[in-house]
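> Got a predicted structure here, sequence first:
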Amino acid sequence: MTLHPEMAHERCSELLGPLVRGRLTPADTAAVEGHLSGCADCVRELEAVSSLLGAPVEAMDDLERTRLRAGIAGGLRHVVPVADPYVHPDQDDGAPPNLRRASRRRVQPGAWLGVAAATLILFAGALTYLGAGGFVAGGSDQGGAGRSAQSTEGGAGGGIPGARAPDAGEAGVSDRPQMTQKPLIVRGGTKFTEEALSVLGRQAPSFRAFAGVHGPDDVPLLQGRYARSLERGLRGGPVEPCLDQAIEKRPGSLPAYGALGALRGGRVLVLGFVLPSTRSGADRFEVTWWAVGDPGPAIRCPQPLGHARGAIGDGESR
């Protein structure tokens, strides 16, 4: 077989691994074999690569891992000088410009053998480490903490505090309201105004969405469940007695909204209800708010500070 002078040692070294695995094209295989027929160094490197690729991968013990890390760290600290690929001749140098590009320094085949061996050792170590349980993928020890079917407080939407539906990236965030078919729960000190509360049921997206999926037949089935959801989600205020009081006055209503916030510098409890109708577009709302004291259980519901009722989506609250 004839020698292929165009095949450099570096290129031959790069193709030894694919040659052993049988992944070279016929043309590359012929070129590598032609180079090997006239290069004893590359033949020895081929024997070493064949031995390494054919050897079974065994797990490293702690001592071998320590030595491997130390060797890698030492190699990183050792800076190998790289020759400038361009020659900068003196002004008196009469060499023509097309000869000013210097040939790269030839790298000895032994150096490529060392690189190949180190690469295979690292690859085997990584496989062993991963097989032993390294790099365990997973999030946090919180499990699903922070996600809830209920939602909690958020900023203003459409100028109404505590009424904004979350963006897509906010789902599951514990201090932002989340639009669901269940009551919307808002916590954390949202600052309300009387003007905003008076139009909350008429303009808030949560009321429109809630009314769109509930009808009169849902009232006997879901009224108690939604009331308990608000009681669990809003602690620190007279939620239970105020819910009972409001439902007693409006037996055909469904709890749709609950909030603990601030109004004129004081704590306020806000409860909203939807009164489903059999006629399309005839659903109504009722929103009532109470002044509450310090967090703690309350037996009685105080006198309401105000309330608003009307059609959902249009009309004036009253």
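Yep, that arrived.

> Let me see the contact set for P304.
T288, W289, W290 (CB atoms under 8 Å, 6 or more residues apart in numbering). (Each C-beta comes from the backbone N, C-alpha and C, glycine too.)

> Go through these and name the one nearest L271.
Ranked by distance to L271 (CB to CB), these are led by T288 at 5.7 Å.

> for the stretch 201-318 of the chain, what spans make up the helices?
Along the stretch 201-318 of the chain, counting by DSSP state H, counting those that start in this stretch, helices occupy 205-213, 219-233, 239-249.

> Save the ones you listed as JSON lines, and put in mean neighbour count too.
Formatted as JSON lines, the helices of the stretch 201-318 of the chain follow (neighbours: other CB atoms under 10 Å):
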{"stretch": "helix 205-213", "mean neighbour count": "20"}
{"stretch": "helix 219-233", "mean neighbour count": "16"}
{"stretch": "helix 239-249", "mean neighbour count": "18"}
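
> Dump those to a markdown table, plus mean pLDDT.
Output for the helices of the stretch 201-318 of the chain, formatted as a markdown table (pLDDT from 0 to 100):
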| stretch | mean pLDDT |
| --- | --- |
| helix 205-213 | 86 |
| helix 219-233 | 90 |
| helix 239-249 | 90 |
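
> Present the ones you listed as TSV; the columns should include distance to P302.
Output for the helices of the stretch 201-318 of the chain, formatted as TSV (distance: least, CB to CB, whole Å):
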stretch	distance to P302
helix 205-213	24
helix 219-233	17
helix 239-249	8
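
> mind checking which of those is nearest G310?
helix 205-213 (10.6 Å).

> on that earlier part again, G74 is nearest to which of the helices of the stretch 201-318 of the chain?
helix 219-233 (59.5 Å).

> any idea of the angle the closest one forms with helix 205-213?
Calculated by axes from the mean of the first three to the mean of the last three CA atoms, to 10 degrees, helix 219-233 forms an angle of 150 degrees with helix 205-213.

> hmm, back to that, among the helices of the stretch 201-318 of the chain, which is nearest L122?
Nearest of the helices of the stretch 201-318 of the chain (CB to CB): helix 219-233, 53.1 Å.
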